[in-house]
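In: Build me a model:
(chains A, B, C and D)
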2 protein chains.
Amino acid sequence: MLFSSELIKGTLKTIILKLLSENKRMYGYEITQKVKDLTADRIQLTEGALYPTLHALEADGFLTTETEYIGKRVRKYYSLSKEGKAKSKEKLSEFSDFMDTMKFLLDIKPKVA
Amino acid sequence: MLFSSELIKGTLKTIILKLLSENKRMYGYEITQKVKDLTADRIQLTEGALYPTLHALEADGFLTTETEYIGKRVRKYYSLSKEGKAKSKEKLSEFSDFMDTMKFLLDIKPKVA
DNA sequence: TTGTTATACATATAAGTCTTATGTATAATA
DNA sequence: TATTATACATAAGACTTATATGTATAACAA
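Out: Presented below is the predicted three-dimensional model:
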């Protein structure tokens, strides 16, 4: 079951920044696979969304890049800059607060573990 | 503190349907105030988002309306149709799953109560 | 009584984000 | 040798929301 895309809207930057805070460097395709794996295929990032977002985060100074060749194929690694690390924490914290607020607003009971 | 609007994107229909599942009928302005109150001002629905969405939900058959006059002022009440009640449950369930998935993906620890 | 704020509806234009489609190319596997 | 996976990227369009604007009544404060 895939989540309706409207739900995922607005979470892409947060997801990218969080993954990069846990991994020194990642490349685009790797990010899509990681998210797919970690969510049991329920969130599948599309390239048309991912690459422009990576470029935007880089343009904003949150990410730095290094390009490497694997054989003849290009691979572009992204890492968090100092500002990116701060931004990552900020985004995560905001998302966590947002979930708490929504949980209360929607009166969602936590599942019994 | 207001949540960045990108986070709220995609949750509007869910919020409306949930509130209407708890209240026999509500009017637009009332919904904005209820959300403002329940979220301590952190989510403020704008009219430019709310009314088109209410109209869309009505057009899709999820909401029914009745117009009343309070003095000379029009008030338009919205209620869930049978399909709307089902949709409300569906949306809530999906959102709840989505939060669980995101919590896992972002490795967010529950706050100690 | 007059100005301001709150109530209450609505829409149009613009902005932002994402989807879909397309393009290029190499590597691995059936 | 054909298909799938890897890996980048962009363009056009769709969808959702923000901002601005419009209309009008009611309540309240100066």
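
In: quick one, strands of chain A?
Out: Along chain A, counting by DSSP state E, strands occupy A:26-27, A:63-70, A:73-80.

In: residues near the residue in chain A that DNA strand C sits nearest to, how many?
Out: Nearest residue of chain A to DNA strand C, counting by CB to the nearest atom of the strand: residue A:48, 1.9 Å away. Backbone N, C-alpha and C define where each C-beta goes, glycine included. Residue A:48 is flanked by 8 other residues according to other CB atoms under 10 Å in any protein chain shown.

In: Please read off the pLDDT at it from the model.
Out: If you check residue A:48, the pLDDT there is 95.

In: For residue A:88, which non-adjacent residue is closest in space?
Out: Once flanking residues are discounted, residue A:88 sits nearest to residue A:17: 3.8 Å by CB to CB, 6 or more residues apart in numbering or on different chains.

In: before we move on, what about residue A:85?
Out: residue A:21 (6.5 Å).

In: could you list every residue that touches the one you found?
Out: Residues counted as contacts of residue A:21 (CB atoms under 8 Å, 6 or more residues apart in numbering or on different chains) are A:80, A:85, A:88, A:89, A:92.

In: okay if I get those residues as TSV plus distance to residue B:5, neighbour count and pLDDT?
Out: Below are these laid out as TSV (distance: CB to CB, whole Å; neighbours: other CB atoms under 10 Å in any protein chain shown; pLDDT from 0 to 100):
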residue	distance to residue B:5	neighbour count	pLDDT
A:80	24	22	98
A:85	24	15	97
A:88	20	21	97
A:89	20	13	96
A:92	18	17	95
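
In: so of the strands of chain A, which one's packed in deepest?
Out: Neighbour counts (mean count of other CB atoms under 10 Å in any protein chain shown) averaged over each of the strands of chain A peak at strand A:26-27, with a mean of 18.
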